[in-house]
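**Q** Got a predicted structure plus its sequence, pasted below:
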Number of protein chains: 2
Amino acid sequence: MEKPYLPLDEETLFLVSQTFKALADPTRIRILHLLFERELSVTNIAERLDLNQSNVSHQLRFLKNLRLVKYRRDGKTIYYSQDDEHVMKILQQTIDHACHH
Amino acid sequence: MEKPYLPLDEETLFLVSQTFKALADPTRIRILHLLFERELSVTNIAERLDLNQSNVSHQLRFLKNLRLVKYRRDGKTIYYSQDDEHVMKILQQTIDHACHH
DNA sequence: TTTATATATGAACATATATTCATATTATAA
DNA sequence: TTATAATATGAATATATGTTCATATATAAA
């Protein structure tokens, strides 16, 4: 008996592609990689990665919209941290995989 | 003692971003999803997904360059199949993850 | 040979994306 | 209040990307 092919529905397709799109940009990878360790402020991320503050802010919004990161405010400072174990695990795996080749 | 931050080297960063870029496009996701089952010809893929033959050919080249798919020739027909277990596993995981949300 | 079929390729184009700049918002300190 | 610091936002822009079209290449059949 043949296993029937189940086409991917639009919604799943969109969600999956968006998730990978988040991981497809070097800047976002570097940001998420930083957040493996611990939460960091926007300024801190920008300094460590030598990036424009505005650029970091834009990328964090992108990641926040996909719920890959979350934030908390402390005074004037906003601290960002990871918010999706599954995706972070996939990123870690793929980095490891790439390193050993 | 603080765990030191190890910045990602350029090569790893490029490889990782390229890998995710391959998975970041709905058309390529659909193609790879088809190849979960078994090898398929270019025409077959195009028919099943209702895509332009040229489009499929371009996408397959992209995937082939990243060694995510391989091919074999049989007469005039070229059959493509998956060639990276790790990446296919990640794709499967993420599709499952997306379905159940 | 000529013809038909399967696939690949390059150019063109429209759209998407990443980044920067200037400025707005928000919160604190003076 | 005014000034300062941290972050967010929108417009502008340059570049990247996906798709189509027309055509080239490769193989097989007539």
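**A** Happy to help now that I have it.
**Q** Test for you: state the pLDDT assigned to the residue nearest to A:Arg73 when sequence neighbours are not counted.
**A** Nearest non-adjacent residue to A:Arg73, counting by C-beta to C-beta, 6 or more residues apart in numbering or on different chains: A:Tyr79, 7.8 Å away. From N, CA and C alone the C-beta is placed, and that goes for glycine too. Each residue has a pLDDT score; the one for A:Tyr79 is 98.
**Q** What's the local residue count around A:Tyr79?
**A** Using other C-beta atoms under 10 Å in any protein chain shown, A:Tyr79 is surrounded by 15 other residues.
**Q** before we move on, what about A:Glu37?
**A** Residue neighbour count, defined by other C-beta under 10 Å, stands at 13 for A:Glu37.
**Q** A:Lys64 too?
**A** A:Lys64, neighbours per other C-beta under 10 Å, totals 14.
**Q** re the thing from before, wait, a strand at the residue nearest to A:Arg73?
**A** Yes: counting by DSSP: H, G, I helix; E, B strand; the rest coil, A:Tyr79 is part of a strand.
**Q** now it, which residues is it bridged with?
**A** Counting by DSSP bridges, A:Tyr79 forms beta bridges with A:Ser41, A:Arg72.
**Q** Contact partners for it?
**A** Contacts of A:Tyr79 were listed using C-beta atoms under 8 Å, 6 or more residues apart in numbering or on different chains, and they are A:39-41, A:71-73.
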